[in-house]
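[1] this one's structure only:
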């Protein structure tokens, strides 16, 4: 028998999953790794605005949640790459839809913000 989850329930473990997906930088990391594994410095360059400390924390959390794999290569100098697992790749479709929605509705959101700010000033 399948277990039913309800994200609206305060004690449902699906909230932990939703929190990971909704964490600020998770969406950016998933999108950045869409085309394949990347090194840490490449991720910092690709995801503009993320600090190395925050990126490290995000990568560790995503690895712990099974969304990405960290691969260390025994080379000199040492090399580490991060790549999406199958579970992480399964997020690409829903996150792509959210990204496309966000990018296509920028004008409407900005206009709504301007109207709200103007109303507060009056």
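    In hand now; what should we look at? Quantities reported herein were computed from a predicted structural model and do not represent experimental measurements. Residues are numbered from 1 along each chain as shown.
[2] So which residues of this structure form strands?
    Ranges of strands in the chain, per DSSP state E, are 38-39, 68-73, 79-84.
[3] Would you mind giving those strands as TSV with mean pLDDT and distance to residue 45 added?
    All C-beta atoms are positioned from the backbone trio N, CA, C, and that covers glycine. Formatted as TSV, the strands of the chain follow (pLDDT from 0 to 100; distance: least, Cβ to Cβ, whole Å):
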stretch	mean pLDDT	distance to residue 45
strand 38-39	97	9
strand 68-73	96	18
strand 79-84	96	14
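[4] Distance to residue 53 and mean neighbour count for these - can I get that in a markdown table?
    Converted to a markdown table, the strands of the chain look like this (distance: least, Cβ to Cβ, whole Å; neighbours: other Cβ atoms under 10 Å):
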| stretch | distance to residue 53 | mean neighbour count |
| --- | --- | --- |
| strand 38-39 | 17 | 15 |
| strand 68-73 | 17 | 14 |
| strand 79-84 | 16 | 16 |
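[5] Now render these as CSV, adding distance to residue 101.
    As requested, the strands of the chain are exported to CSV (distance: least, Cβ to Cβ, whole Å):
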stretch, distance to residue 101
strand 38-39, 25
strand 68-73, 24
strand 79-84, 21
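[6] who wins for proximity to residue 55 among the ones you listed?
    Minimum separation from residue 55 across those (Cβ to Cβ) falls at strand 79-84, 9.7 Å.
[7] Tell me the strands beside that closest one, with direction?
    Strands that pair with strand 79-84, judged by DSSP bridges, come out as strand 38-39 (antiparallel), strand 68-73 (antiparallel).
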